[in-house]
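Chemist: with the sequence up front, the predicted model follows.
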Amino acid sequence: MNDKIPLSVAIITKNEADNLPDCLKSVAFAEQIVVVDSESDDSTAKFCEDFGVCFYCEPWKGFSAQKNSAIAKATNKWILSLDADERVTPALRKEIEEIIQKETSSDGYFIARKNFFLGRWIRYCGWYPDYNLRLFKRGKGLFRNREVHEGIDVEGSVGYLKHPMEHYTYRSISDYLLRLDKYSTLAAKELLKENKTYGIQHIIFRPLYTFLNMFILRAGFLEGYYGFILSILYAFYTFSKYIKLRELQQK
């Protein structure tokens with residue numbers, strides 16, 4: 001008996017052999033899983049082949065273009081966009097199944113994320129519920145063109161699902177720092193594209209505000225050590241973003 005549901009899951013990868021097994025197992029109920037890989041040199045391709053997904057290897061085009069390429073290959077009426085470090089829980093699966101079967105469903109749905117930092121679910125610091133639009137009808141949604149922190153624009157009505165997905169991000173401080181360098185560079189390029197200007201206040205007050213917002217206003221102090229470290233790291237990300245913007249503007 002085929003217990004799969006008419007859903008396409010779109011995932012992009014680059015050396016995700018550690019994350020991908022649990023991710024794919026969590027969406028094994030979908031009729032189609034599309035993986036667009038950007039030339040991984042680990043066992044990502046081998047695992048995808050063994051799992052039986054629709055696997056494509058393409059040169060890196062940027063987050064938005066790569067994710068839209070995966071969406072374009074989806075064939076079912078409903079698409080779920082997922083990152084390799086995210087998991088669909090059984091409760092979320094059931095809710096998605098109900099949405100797909102309803103004729104009165106909206107065109108797209110925001111899904112909350114339970115974000116894990118160093119293996120711990122972070123409830124404060126503004127990290128929960130962290131809604132992202134991820135489930136949508138084919139032809140109704142595309143990622144907007146941004147360097148980083150890209151989101152999906154949906155043409156039509158949108159709603160919210162009750163059950164969150166799980167997001168296992170930043171498994172170590174080194175992992176965070178590596179990605180901080182990459183993402184702050186992309187964020188600085190995005191600011192440059194938007195004609196944002198650098199000012200001394202951006203490297204003094206913006207990082208300070210980021211820390212106070214996460215640790216005090218968004219109650220990160222309730223997370224103890226993890227909330228403090230996360231708030232400091234995000235303040236440093238803000239600082240890095242603006243000094244890289246200055247560097248780009250001076251070229």
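Modeler: On my side now, so go ahead.

Chemist: please state the offset of stretch 144-157 from the chain centre?
Modeler: Mean C-alpha position of stretch 144-157 versus that of the full chain (Cα atoms, centre = their mean, to the nearest Å) differs by 12 Å.

Chemist: and stretch 26-44, by the same measure?
Modeler: Worked out by Cα atoms, centre = their mean, stretch 26-44 lies 15 Å from the chain centre.

Chemist: what's the first-to-last distance across it?
Modeler: One end of stretch 26-44 sits 16 Å from the other (Cα to Cα, to the nearest Å).

Chemist: buried ones in that stretch?
Modeler: Judged by neighbour count (16 or more other Cβ atoms under 10 Å), stretch 26-44 contains these buried residues: 26-27, 29-30, 32-37, 40, 43-44. Every C-beta, even on glycine, is put in place using the N, C-alpha and C of the backbone.

Chemist: same check on stretch 79-96?
Modeler: For stretch 79-96, a neighbour-count test (16+ other Cβ under 10 Å) marks 79-88, 92-93, 95-96 as buried.

Chemist: contacts only, for residue 44.
Modeler: 13, 14, 15, 16, 17, 20, 35, 37 (Cβ atoms under 8 Å, 6 or more residues apart in numbering).

Chemist: what do you get if the cut-off is 7 Å, keeping everything else the same?
Modeler: 13, 15, 16, 17, 20, 37 (Cβ atoms under 7 Å, 6 or more residues apart in numbering).

Chemist: with respect to residue 126, which of the residues you listed is nearest?
Modeler: Nearest to residue 126 among the contacts of residue 44, counting by Cβ to Cβ, is residue 16 at 26.1 Å.

Chemist: quick one: secondary structure of the closest one?
Modeler: What DSSP: H, G, I helix; E, B strand; the rest coil gives for residue 16 is coil.

Chemist: and it, how many neighbours?
Modeler: 22 (other Cβ atoms under 10 Å).
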